[in-house]
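S.K.: One predicted model, sequence on top.
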Amino acid sequence: RKEVEQDPGPFNVPEGATVAFNCTYSNSASQSFFWYRQDCRKEPKLLMSVYSSGNEDGRFTAQLNRASQYISLLIRDSKLSDSATYLCVVNGDDYKLSFGAGTTVTVRA
Amino acid sequence: DTAVSQTPKYLVTQMGNDKSIKCEQNLGHDTMYWYKQDSKKFLKIMFSYNNKELIINETVPNRFSPKSPDKAHLNLHINSLELGDSAVYFCASSRLGGRGGNEQFFGPGTRLTVL
């Protein structure tokens, strides 16, 4: 079983729509959780950390459910520039981040 | 100013050759990493160094040898290149490894193609 699993998508949504997706992680001892964004042929960049109580950053909302071991990301009022692959990232062991394979989102005009 | 830089950006080479990829970070971070992203886009950790000390060494063929001359540099040398080594290799750095799981900053990647 992979350490971090994500629905690969793609999620094709019109501008202005809301899109949400989850990822699950296998290590119940995981301490830190993140969403990274990766544009085509570019490096991953941190989108936001995910806190136990859930957190928002503008149009982006992240939630953590430790009991069910999943993390979610919701994007409100989608923009064309939100088109990217979103990587779910979990800190399992010391120093090591485990990356999901990514969920592709395409926002169309 | 580039935070994490890698050279070269593209590398095309023949099977059996030996090649190196260099990485430098000017963020003052203690920890640096090498990742491999294959054609399925899965990003997998290969190595990590903390203050020049190897702390993560995943199941990677011993043809891959990292080297950290100082905490701002982490190079990757690959011997006897194989077709399956074709991938994008990302270098990354973070302020502090460990359970804090601090943000990692990635270099632009080196796209390696083995013919």
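M.R.: On my side now, so go ahead. Quick caveat: nothing in here was measured; it's all calculated off a predicted structure.
S.K.: going forward, measure contacts and count neighbours with C-alpha atoms only.
M.R.: Noted.
S.K.: pLDDT weak spots in chain A?
M.R.: A:1, A:92-95 (pLDDT under 70).
S.K.: what distance separates stretch A:101-109 from the centre of its chain?
M.R.: Distance of stretch A:101-109 from the chain centroid (C-alpha atoms, centre = their mean, to the nearest Å) equals 11 Å.
S.K.: what residues does that stretch touch?
M.R.: A:4-15, A:21, A:78-88, B:40-43 (C-alpha atoms under 8 Å, 6 or more residues apart in numbering or on different chains).
S.K.: Return it as CSV; C-alpha atoms alone will do.
M.R.: Output of stretch A:101-109 as CSV, limited to C-alpha atoms (Å, rounded to 0.1, in the frame of the first residue of the first chain):
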residue,chain,number,x,y,z
ALA,A,101,1.2,11.1,-7.1
GLY,A,102,-0.9,14.2,-7.5
THR,A,103,-4.4,15.3,-8.5
THR,A,104,-4.7,17.2,-11.8
VAL,A,105,-7.1,20.1,-11.9
THR,A,106,-8.0,21.8,-15.1
VAL,A,107,-10.0,25.0,-15.0
ARG,A,108,-11.7,25.9,-18.3
ALA,A,109,-12.9,29.3,-19.4
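S.K.: tell me which residues in that stretch are buried?
M.R.: Residues A:101-108 are the ones in stretch A:101-109 that count as buried (16 or more other C-alpha atoms under 10 Å in any protein chain shown).
S.K.: and what of stretch B:32-40?
M.R.: B:32-37.
S.K.: Please apply the same query to stretch B:52-64.
M.R.: Buried residues in stretch B:52-64 (16+ other C-alpha under 10 Å): B:52, B:54-56, B:64.
S.K.: Chain A: strands as residue ranges?
M.R.: Using DSSP state E, the strands of chain A run over A:4-6, A:11-14, A:19-25, A:32-38, A:44-50, A:55-57, A:60-65, A:70-75, A:84-91, A:97-99, A:103-108.
S.K.: winner for burial among those?
M.R.: strand A:84-91 (a mean of 25; mean count of other C-alpha atoms under 10 Å in any protein chain shown).
S.K.: now the angle from it to strand A:70-75?
M.R.: Calculated by axes from the mean of the first three to the mean of the last three C-alpha atoms, to 10 degrees, strand A:84-91 forms an angle of 150 degrees with strand A:70-75.
S.K.: quick one: the closest residue to A:Ser78 other than its chain neighbours from A:Asp7, how far?
M.R.: Distance criterion C-alpha to C-alpha, 6 or more residues apart in numbering or on different chains; nearest residue to A:Ser78, sequence neighbours excluded, is A:Gly16 at 4.6 Å. A:Gly16 sits 22 Å away from A:Asp7, going by C-alpha to C-alpha, to the nearest Å.
S.K.: Go through the buried residues of stretch A:101-109 and say which is closest to chain B.
M.R.: A:Ala101 (4.7 Å; C-alpha to the nearest C-alpha).
S.K.: Name all residues that make contact with the residue most central in space within chain B.
M.R.: With distances taken as C-alpha atoms, centre = their mean, B:Trp34 lies nearest the centre of chain B, 2.7 Å away. Neighbour list for B:Trp34: B:45-48, B:76, B:89-92 [criterion: C-alpha under 8 Å, 6+ apart].
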